[in-house]
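*Asks:* How does the following fold in three dimensions:
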Amino acid sequence: MKFLVRWLVTSIAVAAAAILVPGIEVSGNAVAAVIFSALIIGLVNATLGLVLKIGAIGCIVFTLGLFNLVINAWLLWFSGWIAQGFGFGFHVMGFWPAFWGSIVISIVSGTLNWFVTEHDRPSRKERHSVKRGRRRDRQERRRHAKRERRRA
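*Replies:* Numbering: from 1, shown residues only. Okay, here's the model as predicted:
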């Protein structure tokens with residue numbers, strides 16, 4: 001289920017990039033092109049993106065993370081090339097559209113993922129009750145230790 005939600009979020013982000021960035025075009029059946037291009041982008045990022053980021057860790061550290069933008073742009077450009085090869089109507093027309101498109105996709109997908117994922121942080125009331133429970137446990141252990149000392 002989590003995979004499908006992330007796929008949908010990435011599809012929405014790719015559609016936003018196609019709408020906002022000149023040079024990223026979707027042709028033919030736009031919905032299918034966006035959905036399959038999101039799948040290709042996810043697979044390319046999971047495989048080749050990981051290898052590139054590990055290999056370029058020196059450049060990433062030296063540029064304080066800005067080289068990640070170049071890697072992401074190249075991965076989006078490469079994903080567009082793969083999508084064209086499979087006949088999907090997703091086209092990235094060069095490096096700069098890929099650069100700006102990767103920024104749009106990152107912002108949109110990051111924002112949407114933040115809204116759709118469950119946050120594991122407990123509420124204030126839950127945190128307070130846990131602290132209160134720990135305090136009671138400590139007090140109970142102290143009382144038990146006192147009783148044991150009196151018996152001995």
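*Asks:* Tell me which helix or strand the residue nearest the centre of the chain sits in.
*Replies:* Geometric centre of the chain, nearest residue: residue 110, 5.7 Å, by C-alpha atoms, centre = their mean. Assessed by DSSP states H and E, residue 110 sits inside helix 95-116.
*Asks:* Output the contacting helices and strands for that helix.
*Replies:* helix 2-20, strand 24-26, helix 67-85 (3 or more C-beta pairs under 8 Å, 6 or more residues apart in numbering; DSSP states H and E). (Glycine included, C-beta is placed from N, CA and C.)
*Asks:* Repeat the analysis, applying 10 Å as the threshold.
*Replies:* helix 2-20, strand 24-26, helix 30-44, helix 67-85, strand 90-92 (3 or more C-beta pairs under 10 Å, 6 or more residues apart in numbering; DSSP states H and E).
*Asks:* Correct me if wrong: the residue nearest to the centre of the chain contacts residue 6.
*Replies:* No. Applying C-beta atoms under 10 Å as the test, residue 110 and residue 6 come out as separate, 11.6 Å apart.
*Asks:* How is this protein divided into domains?
*Replies:* The record's domain parsing of the chain by automatic domain parsing lists 2-120, 124-152.
*Asks:* Would you mind finding the most buried of those?
*Replies:* domain 2-120 (a mean of 17; mean count of other C-beta atoms under 10 Å).
*Asks:* so for that domain, what's the average pLDDT?
*Replies:* What domain 2-120 shows for mean pLDDT is 92.
*Asks:* how distant is that domain from the center of its chain?
*Replies:* Here domain 2-120 is found 11 Å from its chain centre; the criterion is C-alpha atoms, centre = their mean, to the nearest Å.
*Asks:* In this structure residue 25 contacts residue 91, no?
*Replies:* Yes. The pair residue 25 / residue 91 is scored as a contact, 4.7 Å apart, by C-beta under 10 Å.
*Asks:* Overlap of the contact sets of the two?
*Replies:* Counting by C-beta atoms under 10 Å, 6 or more residues apart in numbering, the shared contacts of residue 25 and residue 91 are 18, 33, 80, 97.
*Asks:* Let me know the angle separating the helix holding residue 110 from helix 67-85.
*Replies:* 100 degrees (axes from the mean of the first three to the mean of the last three C-alpha atoms, to 10 degrees).
*Asks:* Can you check which of the helices and strands packed on helix 95-116 gets nearest to residue 61?
*Replies:* With respect to residue 61, and counting by C-beta to C-beta, the nearest of the helices and strands packed on helix 95-116 is helix 67-85 at 8.7 Å.
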